[in-house]
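Enquirer: okay, predicted coordinates and the sequence, questions at the end:
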Amino acid sequence: MKKNNFLKDKNAIFIGTSVMLEKCIEFSSKKFKNIYVITDDKKIIKKFKNKVIPLTINKFAKFKYDYLFSILNYKIIPIKFINSIKQISLNFHDGPLPKYAGLFSSTWAIANGEKTHGVTWHKITKKIDAGDIAINKKFKIKNDDTSYNLDIKSVLIGINLFKILIKKINKNNFSIKKQNLRNRTYYGKTEIKNLIKKYNLDIENRTLTKALTLSPQKSHLLKKITGKKINISKKKIIFKKTNSKNSTNIDLLKLINFLGKVINFKFNVKKINNNKLEDLSLNNHPKWDSLAHVKLLSVIEKKFKITINEGNIDKFSNIKSIFNFLSKKGKLDQLN
């Protein structure tokens, strides 16, 4: 049977940053005729050298594009550029539209006591986060989730949804649905400033602490908005500990070395004990940020031939829980 390849003569432009942009380009690299990229991330341009065409926003009008994908892009794209796209322009939003449009969606989900969160790929329109929905998905919020945790889950799910989306477009089997804007909620700069004021008056509030425990990228964005860095009392966040009885063994040492290579850090295994293993985690280790974590999840999936999704992603938040998960699945022999 002949494979559908609707995109083979189409051009796409990707705008944004982060490992999510990298993974989406990686998946699309052989799907489109040409891929253009606007990003401040030089590592992405270097990685896809000779595979993508780097641009700046002022060179946008120089070429014609069939598709535009905006991925963790916090800059407004001029509507004249959006209107020039032949097929469709899509944006990834880390919230369950029509709820939580705007900024810091995961922060507001936790601050408002939501039990679920979600992500959305939607059509870009003049009104922010108001376009028709291409694909979306919800997931549960756990008691010890922070905004940071939710963002990582959102990125992972967003990448998987992007793959589904591209496959549908490539088969010319793509459709969108209207947002019910009567259910829309929007949070912008004013709202996040007010939330910080509320937190400063109640720094012992565990819910607000979790809500304002941000990824490095969002911490940077918040600093740009407020003009100063917010200091979160991490001691108020209580993360679940995994039970552990045995001491470090050969398989665990191999896993530590393997994970260290992925996040580009050499752990001193001689000083590691069971208690310290709990500290080698997404939330505590300086090299283990959100970008490194998404990369880590991708490498683990390929190395151990497993699928990481919203149902098991919490098993990969620290070295001990990763070890326990892989051990139960009988995958540790693949470290040899």
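Expert: All right, it came through fine. Computed from a prediction, not measured in an experiment: that's the story for all the values here.

Enquirer: so which residues of the stretch 101-250 of the chain form strands?
Expert: Listed in chain order, the strands of the stretch 101-250 of the chain (DSSP state E, counting those that start in this stretch) span 101-102, 116-123, 133-140, 186-187.

Enquirer: now the first one: how far from the chain's centre is it?
Expert: In other words, strand 101-102. 16 Å (C-alpha atoms, centre = their mean, to the nearest Å).

Enquirer: number the residues from 8 up from this point.
Expert: Okay, using 8 as the starting number, the last item reads as strand 108-109.

Enquirer: each with direction, which strands does that strand pair with?
Expert: The strands that strand 108-109 pairs with in its sheet are strand 193-194 (parallel) (by DSSP bridges).

Enquirer: which of the strands of the stretch 108-257 of the chain sits closest to Q94?
Expert: With C-beta to C-beta as the criterion, Q94 lies closest to strand 123-130 of those, at 10.7 Å. (C-beta placed from N, C-alpha, C; glycine too.)

Enquirer: domains of the protein?
Expert: Using automatic domain parsing, the domain parsing of the chain gives 18-190, 200-243, 257-342.

Enquirer: of those domains, which stretch is the most buried?
Expert: domain 18-190 (a mean of 18; mean count of other C-beta atoms under 10 Å).

Enquirer: could you work out the end-to-end span of it for me?
Expert: Taking C-alpha to C-alpha, to the nearest Å, domain 18-190 runs 35 Å from one end to the other.

Enquirer: go on, stretch 121-138?
Expert: Using C-alpha to C-alpha, first and last residues of stretch 121-138 are 23 Å apart.

Enquirer: do stretch 130-145 as well
Expert: End-to-end for stretch 130-145, by C-alpha to C-alpha: 18 Å.

Enquirer: dump the residue contacts of the residue most central in space within the chain.
Expert: Nearest to the mean C-alpha position of the chain, by C-alpha atoms, centre = their mean, lies V162 at 2.2 Å. Counting by C-beta atoms under 8 Å, 6 or more residues apart in numbering, V162 touches S25, V26, M27, L79, D101, S297, V301.

Enquirer: just to be sure, the last one is in a helix?
Expert: Just to be clear, that refers to V301. Yes. Counting by DSSP: H, G, I helix; E, B strand; the rest coil, V301 is located in a helix.

Enquirer: quick check: it vs I320, distance?
Expert: 11 Å (C-beta to C-beta, to the nearest Å).

Enquirer: any common contacting residues for the two?
Expert: I159, L163.

Enquirer: tell me how far F39 lies from L79.
Expert: F39 is 20 Å from L79, by C-beta to C-beta.

Enquirer: same check on P85?
Expert: Relative to L79, and taking C-beta to C-beta, P85 is found at 19 Å.

Enquirer: three-state assignment of F21?
Expert: Relying on three-state DSSP, one would call F21 strand.

Enquirer: got the contact list for it?
Expert: So F21 contacts 28, 31-32, 35, 42-46, 59, 75-76, 78 (C-beta under 8 Å, 6+ apart).

Enquirer: same check, this time on W295
Expert: W295 neighbours (C-beta under 8 Å, 6+ apart): I270, L287, S288, L289, L303.
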